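K.L.:
have a look at this prediction, sequence included:
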Amino acid sequence: MNETAHRLGESRTLWELLARRADLTPDRPVLIQAAADPADDRTLTFGALRERAERVAAGLYGMGVRPGTVVAWQLPTRVETALLSFALARIGAVQSPVIPFHRDREAGFALRESKAEFFAVPGVWRGFDHGEMARRLGARGVLEAYDALPDADPAVLPPPPSEGTSVRWIYWTSGTTSDPKGVLHTDRSLIAGGSCLAHALRLTVSDVGSMAFPFAHIAGPDYTVMLLLYGFPAVMFEHFALPAALDGYRRHGVTVAGGSTAFYSMFLAEQRKLPPGEKVIPTLRLLAGGGAPKPPEIYHAVVRELGCQLTHGYGMTEVPMITMGDPDDTPEHLATTEGRPPAGMEIRVTGPDGEVLPPETDGEVRLRGEAVCQGYLDPEQSAAAFDADGFLLTGDLGHLTGTGHLVLTGRAKDIIIRKGENISAKEIEDLLHRHPAVGDAAVVGLPDPERGERVCAVVEQNGGTEPLTLEAVASYLRGEGLATYKLPEQLEVVEALPRNETLRKVLKYKLRERFSGPGSDHSGALTQGP
């Protein structure tokens, strides 16, 4: 990290960070809104971001928003969303971002649990009336903030917050298997997370980033902090879909793109439509992301076919940046690990009794550092989330290598226990991704009266390939050296794996529901293994 970025990273609050960057480079662009029609593209500079956000803050203040007021917002990835968020940071309000694809259940839960006094929505967006939903949920202080924001003279505002260790952010876990958890963050924890990301990626003022994910995701502040530290812009995509979004990447010269493994696969699919030697995004030099497992074959395909580097990392709502691949790392480390933790992030790998395990030994990953959240809205969830030494229990399984790289081997809940033997779903998924007929794959454990759980592989098949059969897949995996007792006993070929709308994570609970229900046909199951 360069000296200027290091000094900025010591800012106490997000508003202080923005103000200091705006003083340094007021006329440099920070946010570029990509529109379907290039004539409608918009650019916001660092100076304009500060000035306009302060006027919005004054407008909100006139509506009754005060330091500590809880304001929920469910808005798409737009310049106005960033303005509203920084305006709330200027006041010192508590923000509760809600992913714009969420509906009554998730949005209603967030409003109730956070006790939000205001709720900013986009009105009718992508065919759904968020204002009507807000009224249906009995939300207070409903504000439509898609393209018009409150505006007033900043002279009415009190001084900005002077400390960044109070809880001012409530982010929500995905809630794919139960109600979401409200994750408590401070300005300092978000600055620390963004600083870690910025340092790991080795970006420069000449780069042009991109936001293809919901700004309401924890990646929103993570990425924005990086822009403020290094002073380069990012292109915002209100709705990310390929190939339609490619023109925005090309005309603005994006050098850094990404999101998660699903995004890498989408870029690869577009590249494969082009003649040899023609790059899908000519200026692209780096794909970076996290949020979902990355099969090694995806890394090699990106480098080989897209002609750029790929650095993948490990993060979660509770800790937006934990590890990240270094662009200068070896191909082996970039393909098979999640990178190393930055300074200030402590990682422990522990056994069943909490004992610290040596390198190369799998156990539960635990975390401690400034980027770690303060806990959850529910005090009982908070008490259960940390150990006696203050380390967050992630529920992820993995090990540290002798070089300090982290290798994730699965989730504690993603271990399939078949006849008393532990089977890693990720190990099988990584092997399936090498199969030329497999576009994507997810492996789940399904209830089985004889085995406890049976191994079910669910795959998307590449077009133009021979139909996959369970016998052929099992034969392939045997040839790859997979132990017999780990072989899938059920194969399901689907048109598309179910995914969430943020980082396109596969929703394995939906696969378990679909293929273990009463109507499922398991007649093709193999009997094998011990």
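P.N.:
Arrived safely, thanks for sending.

K.L.:
looks to me like residue 206 is in a strand.
P.N.:
No - applying DSSP: H, G, I helix; E, B strand; the rest coil, one finds residue 206 to be coil, outside a strand.

K.L.:
can you give me every residue that contacts it?
P.N.:
232, 255 (Cβ atoms under 8 Å, 6 or more residues apart in numbering). From N, CA and C alone the C-beta is placed, and that goes for glycine too.

K.L.:
then residue 102?
P.N.:
Neighbouring residues of residue 102 by Cβ under 8 Å, 6+ apart: 74, 110.

K.L.:
phi, psi for it please.
P.N.:
When read as degrees, to the nearest 10, the backbone of residue 102 gives phi -70, psi 150.

K.L.:
for it, give its distance to residue 241.
P.N.:
19 Å (Cβ to Cβ, to the nearest Å).

K.L.:
before we move on, what about residue 215?
P.N.:
17 Å.

K.L.:
which one's more surrounded, these two?
P.N.:
residue 215 (25 against 10; other Cβ atoms under 10 Å).

K.L.:
any weak-confidence spans in the protein?
P.N.:
In the predicted model of the chain, residues 1, 174-178, 412-413, 420, 502-503, 517-530 satisfy pLDDT under 70.

K.L.:
at 50 instead, please
P.N.:
For the chain, the stretches flagged by pLDDT under 50 are 176-177, 518-519, 521-530.

K.L.:
could you identify the longest helix within it?
P.N.:
Taking DSSP state H as the criterion, the chain has its longest helix at helix 46-63.

K.L.:
kindly export that one (C-alpha atoms) in CSV.
P.N.:
Output of helix 46-63 as CSV, limited to C-alpha atoms (Å, rounded to 0.1, in the frame of the first residue of the first chain):
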residue,chain,number,x,y,z
PHE,A,46,-14.6,12.7,-5.5
GLY,A,47,-15.3,16.4,-4.8
ALA,A,48,-18.9,16.2,-6.1
LEU,A,49,-19.5,13.0,-4.1
ARG,A,50,-18.6,14.9,-0.9
GLU,A,51,-20.5,18.1,-1.8
ARG,A,52,-23.7,16.4,-3.0
ALA,A,53,-23.7,13.9,-0.1
GLU,A,54,-23.5,16.7,2.4
ARG,A,55,-26.5,18.4,0.8
VAL,A,56,-28.4,15.1,0.9
ALA,A,57,-27.4,14.7,4.5
ALA,A,58,-28.9,18.2,5.2
GLY,A,59,-32.1,17.1,3.5
LEU,A,60,-32.3,13.9,5.6
TYR,A,61,-31.6,15.9,8.7
GLY,A,62,-34.6,18.1,7.9
MET,A,63,-36.7,15.0,7.7
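
K.L.:
so which elements touch that helix?
P.N.:
If contacts are counted by 3 or more Cβ pairs under 8 Å, 6 or more residues apart in numbering; DSSP states H and E, helix 46-63 sits against helix 14-24, strand 29-34, helix 79-91.

K.L.:
please name the residues that touch residue 249.
P.N.:
By Cβ under 8 Å, 6+ apart, the contact set of residue 249 is 210, 235, 257, 281, 284.

K.L.:
which helix or strand contains the residue nearest to residue 448 when sequence neighbours are not counted?
P.N.:
Spatial nearest neighbour of residue 448, excluding adjacent residues (Cβ to Cβ, 6 or more residues apart in numbering): residue 454 at 4.1 Å. Taking DSSP states H and E as the criterion, residue 454 maps to strand 452-461.

K.L.:
next, the buried residues of that strand.
P.N.:
Using 16 or more other Cβ atoms under 10 Å as the test for burial, strand 452-461 gives 453, 454, 455, 456, 457, 458, 459, 460, 461.

K.L.:
in the sheet, who's paired with the third one?
P.N.:
Spelled out, that is residue 455. Beta bridges link residue 455 to residue 445, judged by DSSP bridges.
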